[in-house]
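Trainee: sequence unknown, structure follows:
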């Protein structure tokens, strides 16, 4: 493969390239390869299949992160043990997998359960950012789920998918389905607007394995994501974290009777208000809160 030609074509489209590597290949070649990647304009690497946390592996990961940092490459770790805070020393480490995620819906008879997804924020996410295979709008109720490799489905609602981009701290989020699945879907422009980095985080409510409500701020806007287990529930979300003045709240909430199973509602709110929202079983909620001064 003529990789420089591929990179030139990507650059013409405004796209930067990341490369996947088996960890053994990275260990053998990174001191020669990473300077070449920098020269070519590669954005970063994903290192996979480490699958252990003994001293040899820990030392290798640190050496790789240092080498990548010198060469201005970002890093994602896949097939890796839970993180230990290395991203504080090496901020080029964007995220680590180390979590059961939606690829299991292709083969596991139970799939990724709603309870699992609302357990993660209280467990794995406490250790640091998590790479999570997310973004599918091919959502079905729990009773309709069956694993399959072709056009796999996930348990939940489109609003749950949107909410996951706020609930899960993931600095390299993905949209993991076929492009044709997203084309023309009304939730796609919303997904594309959700930031990947945050300036502030507030956990508003939650119960381990039952539901979670998290608010995150990027610049002047707040985003709220809520996800529930297999039970539908009503949430009352206080807005006391907002600053002074009026805000426009854009709500993307479950509406299973509509064509795409969600609805978009806009209202004006302030810090002394609260929002009461019904979540469907295995459902979710996304709210974007913009100061009135930021609105056109």
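Mentor: Done, it's in. All figures in this text were calculated on a predicted structure; none of them were measured in a lab. Numbering: from 1, shown residues only.
Trainee: please count neighbours and contacts with C-alpha atoms only from this point.
Mentor: Will do.
Trainee: can you give me the strands in this protein?
Mentor: 18-22, 44-48, 74-77, 93-96, 139-140, 154-155, 200-207, 211-218, 221-228, 233-238, 247-254, 262-269, 274-279, 284-291 (DSSP state E).
Trainee: which parts of the first one are buried?
Mentor: Just to be clear, that refers to strand 18-22. 18, 21 (16 or more other Cα atoms under 10 Å).
Trainee: who does it pair up with?
Mentor: strand 44-48 (parallel) (DSSP bridges).
Trainee: one step back: looking at the strands of the chain, which is buried most?
Mentor: Of these, the one with the most neighbours on average (mean count of other Cα atoms under 10 Å) is strand 154-155, at a mean of 28.
Trainee: chain center to it: distance?
Mentor: 16 Å (Cα atoms, centre = their mean, to the nearest Å).
Trainee: tell me the strands beside it, with direction?
Mentor: strand 139-140 (parallel).
Trainee: so which of the strands of the chain comes closest to residue 194?
Mentor: Across the strands of the chain, residue 194 has its closest neighbour in strand 221-228 (8.0 Å, Cα to Cα).
Trainee: paired strands for the closest one, with orientation please.
Mentor: According to DSSP bridges, strand 221-228 has the following sheet partners: strand 211-218 (antiparallel), strand 284-291 (antiparallel).
Trainee: what angle do the first one and strand 200-207 make?
Mentor: For strand 211-218 against strand 200-207, the angle by axes from the mean of the first three to the mean of the last three Cα atoms, to 10 degrees is 170 degrees.
Trainee: what does the last one give?
Mentor: Computed with the same axes, to 10 degrees, the direction of strand 284-291 lies at 150 degrees from that of strand 200-207.
Trainee: which outside residues touch strand 284-291?
Mentor: Contacts to strand 284-291, defined as Cα atoms under 8 Å, 6 or more residues apart in numbering, come from residues 156-163, 220-228, 245-254, 279.
Trainee: surely residue 60 meets residue 27?
Mentor: Yes: counting by Cα atoms under 8 Å, residue 60 does reach residue 27; the two are 7.3 Å apart.
Trainee: wait, residue 21 sits on residue 49?
Mentor: No: the criterion here is Cα under 8 Å, and residue 21 misses it with residue 49 at 9.1 Å.
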